[in-house]
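> Task: produce atomic coordinates for the following.
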Amino acid sequence: MKRIFLIASAIGLLLSPQSYAEHLPRLKGKTMGNTYRVTWVGDYKDVEHMIDIRNQIEVRLAEINKSMSTWDKQSELSLINHSAQTQNIKLSSALAKVVTEAKRLGELTNGALDVTVDPLIQLWGFGADSQAPTKPSLDEVHQAMTKVGIGKITINGNQLSREHDGVRINLSAIAKGYGVDAIAEVLKENDINNFLVDIGGEVKVSGTRGNQPWVVGVEKPAAYAASPMVAVGLTDKAVATSGDYRNYFKQDGQHFSHIIDPKTGQPTPHQVVSTTVIHDSCMTADGLATALMIMPIKDSLALAEKMALPVMIIENRSNELVIHESSAFKQYLP
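So this is what the prediction gives:
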């Protein structure tokens, strides 16, 4: 019988109790405001080796946070954001890799993924420098948007340039996926090749679970149901889900998501409930899942077909859930 691993994510999925019944080796800890979980197939290592692997993971994640966090005022990215320097800013190799991919995905999605959206994130109350979330005035939105635009940053190798010092980068749409990829690298460095890594719902699997694909369940949003909606079988793939109903606020009867459309300066409409993307890289899947929350559904599906990209979009149509799947997504269904 297949077991479904229900993954904890921004849209409220939980690790299935069934997974614990298998007694697979596992580690867990805290990072990026989430819990990370690692499960692998094979014997438990001895105590010292288990502690060493966990320490290696913790060190790698700490390095990522120290480089990319906007909540740490002394992180590499925070110091860049608050610096007057705008040209030829030298980046660490990890930060350069993530910003380069974010820039590429921004261009691929016609600006839907825009890591310069930080001024709007702060304005709407979802950022590290924010007070309580509240709806800003149109004038405030228009002013913040003068600092936003994927074309306002350029990156050449490990050097970043910004159009002006008001341009600030926020990697929350992609850094968690990069963290998953980093943990996967640690495991492979320790000769662990059949595993599942999860950070808050962004998942990467390698190899198999008992000669079978790892089976990951994408649940219905909690507002609608608490049972699996779709199960996908994965081998050597990553899957990321982005949703709009865990981090939001309501004001004057309106729902305001933390996912901001950089073209309008407004939170995304409540029509798209969640998007799920499968890719070799969790970093890439993470960024694309956010972008597809912002793009019109027909454009998202057209891009998925053009790229042969496995995508599932859950739409709230008059309080009924409608599932849209790309052709490539269907090959992962049971």
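> My guess is residue 32 contacts residue 180. True?
No: using C-beta atoms under 8 Å, residue 32 is not in contact with residue 180; the gap is 10.2 Å. No exception for glycine: its C-beta is placed from N, CA and C like everyone else's.
> which non-adjacent residue is nearest the residue positioned nearest the centre of the chain?
Centre of the chain computed as the mean C-alpha position; nearest residue by C-alpha atoms, centre = their mean is residue 286, 3.5 Å away. For residue 286, ignoring the flanking residues on the chain, the nearest one in space by C-beta to C-beta, 6 or more residues apart in numbering is residue 177 at 2.8 Å.
> can you tell me which residues contact the one you found?
202, 238, 240, 281-287 (C-beta atoms under 8 Å, 6 or more residues apart in numbering).
> hang on, residue 288 in a helix?
Yes: under DSSP: H, G, I helix; E, B strand; the rest coil, residue 288 falls within a helix.
> Turn the contacts of residue 177 into a markdown table, including secondary structure, distance to residue 213 and pLDDT.
Formatted as a markdown table, the contacts of residue 177 follow (DSSP: H, G, I helix; E, B strand; the rest coil; distance: C-beta to C-beta, whole Å; pLDDT from 0 to 100):
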| residue | secondary structure | distance to residue 213 | pLDDT |
| --- | --- | --- | --- |
| 202 | strand | 18 | 92 |
| 238 | strand | 14 | 97 |
| 240 | strand | 18 | 95 |
| 281 | coil | 18 | 98 |
| 282 | helix | 17 | 98 |
| 283 | helix | 22 | 98 |
| 284 | helix | 20 | 98 |
| 285 | helix | 17 | 98 |
| 286 | helix | 21 | 96 |
| 287 | helix | 24 | 97 |
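> Low-confidence ranges, the stretch 151-300 of the chain, go.
Within the stretch 151-300 of the chain, the ranges that satisfy pLDDT under 70 run 219-228, 244-257, 270.
> need the helices for it, in chain order.
Under the criterion DSSP state H, counting those that start in this stretch, the stretch 151-300 of the chain contains helices at 175-189, 282-294, 297-307.
> Export the ones you listed as JSON lines, with columns for distance to residue 149.
Listed next are these as JSON lines, based on distance: least, C-beta to C-beta, whole Å:
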{"stretch": "helix 175-189", "distance to residue 149": "20"}
{"stretch": "helix 282-294", "distance to residue 149": "14"}
{"stretch": "helix 297-307", "distance to residue 149": "19"}
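> what's around the closest residue to residue 41 other than its chain neighbours, how many residues?
Leaving out its chain neighbours, the residue that sits closest to residue 41 by C-beta to C-beta, 6+ apart is residue 194, at 4.0 Å. By the criterion of other C-beta atoms under 10 Å, residue 194 has 19 neighbours.
> From residue 28, how far off is residue 194?
18 Å (C-beta to C-beta, to the nearest Å).
> still on that earlier bit, which neighbours do residue 32 and residue 180 share?
Contacts common to residue 32 and residue 180, judged by C-beta under 8 Å, 6+ apart, are residue 199.
> More neighbours: which of those two?
More crowded of residue 32 and residue 180, by other C-beta under 10 Å: residue 180, with 27 against 19.
> thinking that one is in contact with residue 199, fair?
Yes: in this structure, residue 180 is within contact of residue 199 by C-beta under 8 Å, at 5.1 Å.
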